[in-house]
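> what follows is a protein structure lacking sequence information:
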């Protein structure tokens, strides 16, 4: 009888152990599922945040921007009258734009403010400097289309039909006391 009691206890133990192992596998699988869901949630949040940031990113590459702005500067009668001038590149990630300007032969520097510069290049994510550029007569430019469309910058670059497009915000251009050649305004998208 003691042997049958032992066998019965062993049988109960094995069944419970199997249930425990089965529950353990379910628990382990649930943990894995929760970890995967957590990773997926994190990825979704990351994508949402980066899409907000990228919506302000520059559509035109830095080297092409520098070449285009160099040409635009030659159509700005106010800048041409000043002669030599400096571009203050304001905002985070400014190094690439400064390097592109310098490579194009334009005097540029990374800056935290407008200072004594004649031109202010506004990087993505930078707060509006509209009142400062207007009061100091500083020509504001950007590679962020929304900066120009909102009137925070006078001239910017965008893409239209897969090609770079110059965008001019006339009210901001006038507020900054800048005079553009009519030849440039003919080929640009002009916002009143």
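Alright, I've got the coordinates. Quantities reported herein were computed from a predicted structural model and do not represent experimental measurements. Residues are numbered from 1 along each chain as shown.
> every contact and neighbour count from this point should use C-alpha atoms.
Noted.
> list of residues touching stretch 71-88?
By CA atoms under 8 Å, 6 or more residues apart in numbering, the surrounding residues in contact with stretch 71-88 are 106-111, 113-115, 117-121, 177-181, 183-184.
> so, low pLDDT: which residues of the protein?
Across the chain, the ranges flagged by pLDDT under 70 are 1-38, 40-56.
> show me where it has helices.
2-54, 62-75, 77-82, 95-103, 130-136, 145-149, 170-175, 182-187 (DSSP state H).
> centre-most residue in the chain?
Closest residue to the average C-alpha location of the chain: residue 57 at 3.4 Å, with CA atoms, centre = their mean.
> so that one makes contact with residue 122?
No - using CA atoms under 8 Å as the test, residue 57 is too far from residue 122 to be in contact (11.5 Å).
> between those two, what contacts are shared?
Joint contacts of residue 57 and residue 122 (CA under 8 Å, 6+ apart) are residue 143.
> what about the nearest residue to residue 107 once chain neighbours are set aside, how many residues nearby?
Excluding its sequence neighbours, the residue lying closest to residue 107 (CA to CA, 6 or more residues apart in numbering) is residue 86, at 5.0 Å. A count of nearby residues for residue 86, using other CA atoms under 10 Å, gives 14.
> measure residue 86 to residue 138 for me?
Per CA to CA, to the nearest Å, residue 86 is found 11 Å from residue 138.
> shared neighbours, the two?
Contacts common to residue 86 and residue 138, judged by CA under 8 Å, 6+ apart, are 117-119.
> okay, the residues you listed in JSON lines with neighbour count and distance to residue 75 next?
JSON lines is the format used below for these (neighbours: other CA atoms under 10 Å; distance: CA to CA, whole Å):
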{"residue": "117", "neighbour count": "19", "distance to residue 75": "18"}
{"residue": "118", "neighbour count": "20", "distance to residue 75": "15"}
{"residue": "119", "neighbour count": "22", "distance to residue 75": "14"}
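> got a markdown table for these, with distance to residue 167 too?
Putting the shared contacts of residue 86 and residue 138 into a markdown table (distance: CA to CA, whole Å) gives the following:
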| residue | distance to residue 167 |
| --- | --- |
| 117 | 22 |
| 118 | 19 |
| 119 | 16 |
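> so which of these sit within strands?
Among these, the members falling in strands (DSSP state E) are residue 119.
> which one among the shared contacts of residue 86 and residue 138 gets closest to residue 91?
residue 119 (14.0 Å; CA to CA).
> now do the contacts for the closest one.
Per CA under 8 Å, 6+ apart, neighbours of residue 119: 85-88, 138-141.
> redo that, cut-off 10 Å
73, 79, 85-89, 108, 133, 137-141 (CA atoms under 10 Å, 6 or more residues apart in numbering).
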